[in-house]
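# structure, please.
(chains A and B)
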Amino acid sequence: MHHTNKCLLVWFCLGCLIPSLFAQEDEPVSPSQETGSSPVEFVFTGTQLINAQTTKIQPARSWYFEIQHRFGTVGLDSSLAEQFLGLDLPSAIRLALGWSFSDRLYLELGRTNVSKTLDLEGKYLFAQQTNDWKMPVSLAAYANVALRTEDFPTVPPNAYFGDSVTPFRYKFAHRLAYNTQLIVSSKLSERWSLQLTPVFVYQNLVPAGHDNLTMALSAGGRYKLGFSSALIFEYARVFNNRPANFIDPFSVGVEFGTAGHVFQLFLSNASRILESQIYTTRSADLLDGHFLLGFNMQRTYWRK
Amino acid sequence: MKKLTIVRLTVSPLAACGAAALLITGLTSCEKDQGPLILEGHGDHGHSCDTVVDPPAGDTLSYNNFIKPMLAKGCVQGCHNPSHPKLDLRPPVSYNQLLTDGYHAPYVDPANPESSLLIRHLRGEELLMPQGGPAWPSEKIDSVLLWIRQGALNN
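Take a look at the predicted model:
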């Protein structure tokens, strides 16, 4: 445990995937051999809980297909019917293909229509909750690189970098944004699963006056209603880069699972899908009655 | 029984390559850029800001139209930018810096406009700004004073 804690600290400091893998390579801990404890399965059903990542990794050598969809934002007024719950409005869509290399690691390639963004993500489960509570939580590290492929707008000649002195021009690096997370989840009972996720988003280019690094803490959970259905919810607090009237993302929904499928249908105020876009964008004002409908769908094909 | 190892590395070489690629992309191209910032009065088709545009008499003096460009033109280059430890006067942040975020904020005091730190510095009652001179012409300082008298609004 001590070493795991140390590694956790390293993770917070560096916020990157690989060092933690190799730092632990030479110190395998096998509490199971003495106690006979077994890992807790199905802390969460899908690899994502609405907008946040979960500690779930699909079984080794399986591949999966994912569709994420956010309809347009509507209010509790005439727009609700006129835009038919937001279905008529422009929406955000992400399609993704993932491959599990092992029960602990997957890589996923995705494409989002917002800014024509291509992204590559990876998740590594480095500790799994055990039934005897010797290991009370599952821990996973997540990294995502997003590449904006949309053309940049033309810059006027009197545009400058944030220092007000260097003439502004776009470069390739400005297309990239990174997102690193440490995911801590726990299945508290048959019905309750909760998770806490520190999120670090690094954008190579931000509006003048903003920090390139945005930090957020996401908290979410699942309450099982039956064998295959559950209530899911999620809230994230963004700590910096909060211009006036900034609103944090909040979502609540239901989840259905069948063999190989996870469906999530939810109400949210976050119109983006990639974390590097969610936590750097103002969400809709829920208290003012503004919200959107969204769904996530995941289909897994596994091999024995 | 399946053996549970909490931190055993069971990554295939291919996966390791993939993860490494992810990391390398991440580390090789980190930029710390902000912008673009459109500055009126700079650049090719900018007009000179050395002369003050007289605000319409009796009207409210707009921070964004009059004060902000003066600070941007006169204070940012070489001094009051992000590398200054106390006060950053770039257009997007200058208002908040003066009112709340700067080291000695507030620099403006609508209750006592004449003794506002900003005015005292511009008049040379504190260390003269711009440092090393020349001081701003008095009508320029009076515009700042008028803006403070009118409540130092972000208008």
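# got the residue ranges for the helices in chain B?
Under the criterion DSSP state H, chain B contains helices at B:13-28, B:68-71, B:91-96, B:117-123, B:138-149.
# any idea which helix or strand in chain B has the lowest mean pLDDT?
Least confident element among the helices and strands of chain B, by mean pLDDT, DSSP states H and E: helix B:13-28 (a mean of 54).
# now do the strands in the stretch 101-250 of chain A.
Assigned by DSSP state E, counting those that start in this stretch, the strands in the stretch 101-250 of chain A fall at A:105-112, A:117-127, A:138-148, A:159-160, A:176-187, A:192-203, A:205-206, A:213-224, A:229-238, A:250-258.
# looking at the ones you listed, which has the lowest confidence?
Lowest mean pLDDT of these: strand A:159-160, a mean of 79.
# does that one reach chain B?
Yes: Strand A:159-160 is in contact with chain B by CB under 8 Å from any CB of the partner chain, via A:159-160. Where C-beta positions appear, they are placed from N, C-alpha and C, glycine not excepted.
# would you turn the strands of the stretch 101-250 of chain A into CSV with mean neighbour count?
Shown next, in CSV, are these (neighbours: other CB atoms under 10 Å in any protein chain shown):
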stretch, mean neighbour count
strand A:105-112, 20
strand A:117-127, 22
strand A:138-148, 23
strand A:159-160, 21
strand A:176-187, 23
strand A:192-203, 22
strand A:205-206, 23
strand A:213-224, 20
strand A:229-238, 19
strand A:250-258, 18
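# flag the shaky bits of chain B, pLDDT-wise.
Counting by pLDDT under 70, chain B shows low-confidence ranges at B:1-29, B:38, B:40-59.
# my guess is A:Thr281 contacts A:Ile273, does it?
No: using CB atoms under 8 Å, A:Thr281 makes no contact with A:Ile273, being 11.0 Å away.
# so what's A:Ala216 bridging to?
A:Val199, A:Val238 (DSSP bridges).
# is it true that it touches A:Tyr279?
Yes: A:Ala216 is within contact range of A:Tyr279, at 4.6 Å (criterion: CB under 8 Å).
# need the residues touching each of the two.
Shared contacts of A:Ala216 and A:Tyr279, defined by CB atoms under 8 Å, 6 or more residues apart in numbering or on different chains, comprise A:199, A:201, A:236, A:238.
# now do the second one against chain B, distance only.
The span separating A:Val201 from chain B equals 12 Å under the rule CB to the nearest CB, to the nearest Å.
# mind listing what the residue nearest to that residue when sequence neighbours are not counted touches?
Counting by CB to CB, 6 or more residues apart in numbering or on different chains, the nearest residue to A:Val201 once its immediate chain neighbours are dropped is A:Thr214, at 4.3 Å. A:Thr214 is in contact with A:200-203, A:238-241, A:279-280, counting by CB under 8 Å, 6+ apart.
# is it correct that A:Arg303 is in contact with A:Gln58?
No: A:Arg303 lies out of contact with A:Gln58 (CB under 8 Å); the separation is 10.9 Å.
# who has more neighbours, these two?
A:Gln58 (20 against 9; other CB atoms under 10 Å in any protein chain shown).
# excluding sequence neighbours, find me the nearest residue to that one.
Spatial nearest neighbour of A:Gln58, excluding adjacent residues (CB to CB, 6+ apart): A:Ser100 at 4.6 Å.
# quick check: beta-bridge partners of the one you found?
Counting by DSSP bridges, A:Ser100 forms beta bridges with A:Tyr106.
# thinking it is in contact with A:Thr47, fair?
No: at 9.4 Å, A:Ser100 does not count as touching A:Thr47 under the criterion of CB under 8 Å.
# any common contacting residues for the two?
Counting by CB under 8 Å, 6+ apart, the shared contacts of A:Ser100 and A:Thr47 are A:57-58, A:64, A:106.
# in strands only, show me those.
Cross-referencing these against strands under DSSP state E gives A:64, A:106.
# what's the spacing between A:Tyr124 and A:Ser102?
Per CB to CB, to the nearest Å, A:Tyr124 is found 9 Å from A:Ser102.
# same check on A:Ile67?
When CB to CB is the yardstick, A:Ile67 and A:Ser102 sit 25 Å from each other.
# same question, A:Phe84
Distance of A:Phe84 to A:Ser102, computed by CB to CB: 44 Å.
# the two - which one has more neighbours?
With neighbours defined as other CB under 10 Å, A:Phe84 and A:Ser102 compare such that A:Ser102 has more, 17 against 13.
# looking at it, the more buried one is touching A:Ala60, isn't it?
Yes: contact criterion CB under 8 Å: A:Ser102 and A:Ala60 qualify, at 4.8 Å.
# one step back: farthest pair in the contacts of A:Thr214?
Maximum pairwise distance in those, criterion CB to CB, is 15.1 Å, between A:Gln203 and A:Phe239.
# ok, back up a step: which of the shared contacts of A:Ala216 and A:Tyr279 sit farthest apart?
Across the shared contacts of A:Ala216 and A:Tyr279, no pair lies farther apart than A:Val201 and A:Ala236, at 11.2 Å, counting by CB to CB.
# give me the common contacts of these two.
With contacts defined as CB under 8 Å, 6+ apart, the residues shared by A:Val201 and A:Ala236 are A:216, A:279.
# what about A:Asp226, neighbour count?
No Asp there; residue A:226 is Gly. 8.
# and it, how far from B:Asn64?
Between A:Gly226 and B:Asn64 the distance is 57 Å, computed by CB to CB.
# what sits up against stretch A:232-242?
Outside stretch A:232-242, the residues that touch it by CB under 8 Å, 6+ apart are A:49-52, A:199, A:206, A:210-211, A:213-223, A:246, A:248-255, A:264, A:266, A:278-280.
# output that stretch in PDB with nothing but the alpha carbons.
Backbone C-alpha positions of stretch A:232-242 (Å, rounded to 0.1, in the frame of the first residue of the first chain) are rendered in PDB as follows:
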ATOM      1  CA  ILE A 232     -26.200   7.600 -12.900                       C
ATOM      2  CA  PHE A 233     -25.100  11.100 -11.900                       C
ATOM      3  CA  GLU A 234     -22.000  13.300 -12.100                       C
ATOM      4  CA  TYR A 235     -20.800  16.700 -11.100                       C
ATOM      5  CA  ALA A 236     -17.500  18.400 -11.800                       C
ATOM      6  CA  ARG A 237     -16.000  21.500 -10.200                       C
ATOM      7  CA  VAL A 238     -13.600  23.500 -12.400                       C
ATOM      8  CA  PHE A 239     -11.000  25.300 -10.200                       C
ATOM      9  CA  ASN A 240      -9.400  27.800 -12.500                       C
ATOM     10  CA  ASN A 241     -10.100  29.600 -15.800                       C
ATOM     11  CA  ARG A 242     -13.500  30.600 -14.600                       C
END
